[in-house]
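> 3D, please:
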Amino acid sequence: MSENIYIGVDLGGTAIKVGICSEEGKLLQTYEGPTEADKGAETLIDNIERYVRHIVEQSEFDWEQVKGIGAGVAGFTNVREGIIILAPNVGLRDFHIRKILEDRLGKPVMIDNDANVAALGEAWGGAGAGIDNCVCYTLGTGVGGGIIINGKIYQGFSGLAGELGHISVVPDLEAIQCGCGKMGCLETVSSATGIIRMGKDAVVRGERTTLSLVEKITAKDVFDAAKAGDEVSIRIVNRAAYYIGKSLAAVALVLNPELVIIGGGVSKAGDILFDEIRSVFAQLTPEPTQAGLRIVPAVLGNDAGIVGAAGLFLRS
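Numbers count the residues shown, from 1 in each chain. Modelled structure (predicted):
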């Protein structure tokens, strides 16, 4: 075969997922192995190298066809220098991962944070395929984001653009402190963590809710209860959706995207979340801003990070 391939690496605290992508953004093959971050940086790098070489060896492609290897990392990254500034989940700080992997693998390497590569994955080979201007929210333990402009990740001057979860949207009297140290961030109410906190708080206050029957509340429990008509849970879901819609209204007025993609575990709630987000967005934006803009769920799931990491060479 003569086609070029790109390898995507999704570096997580528990597992390292790798995948082979075509130049068109199609995910052709995947492999996953343990991170073993607790054994130190050397073991982590050994594992990345081993998994990357293994997936190519097990494929129909030759090593010479690999034109680049991209890596997505949960943490702060210096994209231009290829340095992980801080990645708490894998215990790395000021780590020159690009140079080390290039020396090990003999291939060009690019890195970015996990939210950016997930956004790029959806824009390149997922819900945003064929769309040049879109915004991606990732609703999980926290709230991540990525901005795609003219088909490429928008980094900002220091690579920190797209931190949508830290837009301050909650009024002062209702705000709580975010993990970033600031008050009222979107992440405090619209992440799985925020939804669980609101559910627990309602139970502690003695509100009448079926959540009081749940031993260990999850975000899914809150959504399931809301779908079953539990008024407290409906209020929590609507609050989470309201602030997503409010943040999106501001983002849309600045960026004018064609598409907004919402992924992550929380997005699996479906229409009960998306209908409210769309409604709030329509209430808070002028009609011209809404024209042509679609708000859709992500489609790649856990593969978005792999596809986006591979796409760093073609779409960044």
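> check contacts around Val52.
By CB atoms under 8 Å, 6 or more residues apart in numbering, Val52 lies in contact with Ile7, Val9, Val18, Ile69, Leu105. C-beta coordinates here come from the backbone N, C-alpha and C atoms, glycine included.
> Quick check: what element follows whatever helix or strand it lives in along the chain?
Element membership for Val52, per DSSP states H and E: helix 41-57. Counting by DSSP H and E, the next helix or strand C-terminal to helix 41-57 is strand 66-73.
> Please name every helix or strand in contact with the helix or strand following that next one.
Using DSSP H and E, the helix or strand that directly follows strand 66-73 along the chain is strand 76-78. Judged by 3 or more CB pairs under 8 Å, 6 or more residues apart in numbering; DSSP states H and E, the packing partners of strand 76-78 are strand 83-87, strand 109-113.
> how about strand 76-78: buried residues?
Across strand 76-78, burial judged by 16 or more other CB atoms under 10 Å covers Phe76, Thr77.
> What strands line up against it, and which way round?
If you go by DSSP bridges, strand 76-78 pairs up with strand 83-87 (antiparallel).
> Contacts for the next helix or strand after the partner strand, please.
Tracing the chain C-terminally past strand 83-87 and defining elements by DSSP H and E, one meets strand 92-95 next. With contact meaning CB under 8 Å, 6+ apart, strand 92-95 is reached by Ala37, Ala41, Leu44, Val73, Gly75, Ile83, Ile84, Ile85, Leu86, Ala87.
> and Ile176, what pLDDT?
Per-residue pLDDT puts Ile176 at 94.
> Kindly report the same for Gly245.
Note on Gly245: pLDDT of 98.
> So what sits opposite Gln177 in the bridge?
On the basis of DSSP bridges, Gln177 is bridged to Met183.
> give me the number of residues near it?
Using other CB atoms under 10 Å, Gln177 has 11 other residues around it.
> you'd agree it is up against Met183?
Yes - with contact defined as CB atoms under 8 Å, Gln177 counts as touching Met183 (5.6 Å).
> The nearest residue to Thr43 once chain neighbours are set aside - how many residues pack around it?
Computed as CB to CB, 6 or more residues apart in numbering, the closest residue to Thr43 that is not its neighbour in sequence is Glu36, at 5.1 Å. Neighbour count of Glu36, defined by other CB under 10 Å: 15.
> which residues does Glu36 contact?
By CB under 8 Å, 6+ apart, Glu36 lies in contact with Thr43, Leu44, Asn47.
> Contact partners for Gly305?
By CB under 8 Å, 6+ apart, Gly305 lies in contact with Gly8, Asp10, Lys17, Gly72, Asp114, Val117, Ala118, Gly121.
> repeat that with 7 Å
Applying CB atoms under 7 Å, 6 or more residues apart in numbering to Gly305 gives the contacts Asp10, Gly72, Asp114, Val117, Ala118, Gly121.
> Nearest residue to the fifth one in space, ignoring adjacent ones along the chain?
So the one you mean is Ala118. Among residues not flanking Ala118 along the chain, Ala304 sits closest, at 4.2 Å (CB to CB, 6+ apart).
> about what we covered before: give me the subset of the contacts of Val52 lying in strands.
Among these, the members found in strands (DSSP state E) are Ile7, Val9, Val18, Ile69.
> Met110 is in contact with Leu312, correct?
Yes - under the criterion of CB atoms under 7 Å, Leu312 makes contact with Met110 at 4.1 Å.
> Looking at those two now, which is surrounded by more residues?
Legend: neighbour count by other CB under 10 Å for Leu312 and Met110, higher for Leu312 (27 against 22).
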